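Novice: Need a 3D model of the sequence below.
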Amino acid sequence: ARNIATNWNLKSKKNILWQTSIPRHGYNSPVISGRNVFITGADQKARELYCYDIYTGELKWKVVADKIAGSPSTMPKVNADTGLAASTVATNGHQVCAIFATGDVICADMQGKRLWARNLGVPDNHYGYASSLLMHGNELIIQYQNNSNAQILALNSKNGNTVWSKKANDKIAWSSPIIATLG
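Specialist: Take a look at the predicted model:
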């Protein structure tokens, strides 16, 4: 890459190509795939997955996490510095998946069509859910460690079915999974 900006200023818009406000609050990080920038936001009224155009900042689509069997009718209590959308999304370039502090997981294709959604149960912890997701091929890896159902699981990114699940020994954790080749 050439001519990369080494300084910028939001107020004067120096070296800023675009900026936009996110409709709902979230502490997660943006994820880029092709021309797409994915991020989530949530509040007491809705949980949403957004896709923005990387070159223009235009909102291309949003997917709402609603009408999910087992989803709580009221939002869980979370710390203000965690919120309801702290986990960063994951994509394999074909699907993009998001998880919220309600235990709701949604997955969409690159055009914004919701492929599936399911609820893993409201996380039982004192801070809120914050572990980010990981895609490995067609598997969505979720570290879902909390007081009542500590587990690590893989879901099929095409249909949301459980591929495998392993009970975790530790209770609460907020770290995110990684893939490592051992041996």
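
Novice: for residue 46, what are its contacts?
Specialist: 24, 64-66 (Cβ atoms under 8 Å, 6 or more residues apart in numbering). Quick note: C-beta positions are derived from backbone N, CA and C, even for glycine.

Novice: Sorry, wrong one. I was asking about residue 20.
Specialist: 52, 57, 59.

Novice: ok, now with 6 Å
Specialist: residue 57 (Cβ atoms under 6 Å, 6 or more residues apart in numbering).

Novice: now the one 10 residues further on
Specialist: Contact criterion Cβ under 6 Å, 6+ apart gives 37, 39 as the residues in contact with residue 30.

Novice: what's the answer for the one 5 residues further on, then?
Specialist: For residue 35, the residues meeting the contact criterion (Cβ under 6 Å, 6+ apart) are 53-54.

Novice: now with 8 Å?
Specialist: 53-55.

Novice: gap between it and residue 111?
Specialist: The gap separating residue 35 from residue 111 is 12 Å, by Cβ to Cβ, to the nearest Å.

Novice: about what we covered before: among the contacts of residue 35, who's most crowded?
Specialist: Most neighbours among the contacts of residue 35, by other Cβ atoms under 10 Å: residue 54, with 17 neighbours.

Novice: returning to what we had before: go through the contacts of residue 35 and name the one nearest residue 99.
Specialist: residue 54 (22.9 Å; Cβ to Cβ).

Novice: Is that closest one in contact with residue 31, as I believe?
Specialist: No - contact criterion Cβ atoms under 8 Å: residue 54 and residue 31 do not qualify, at 11.0 Å.

Novice: who touches both of these two?
Specialist: In contact with both residue 54 and residue 31: residue 37, using Cβ under 8 Å, 6+ apart.

Novice: wait, isn't residue 42 in contact with residue 26?
Specialist: Yes - Residue 42 is in contact with residue 26 according to Cβ under 8 Å; the separation is 6.3 Å.

Novice: which residues are common contacts for those two?
Specialist: Contacts common to residue 42 and residue 26, judged by Cβ under 8 Å, 6+ apart, are 83-85.
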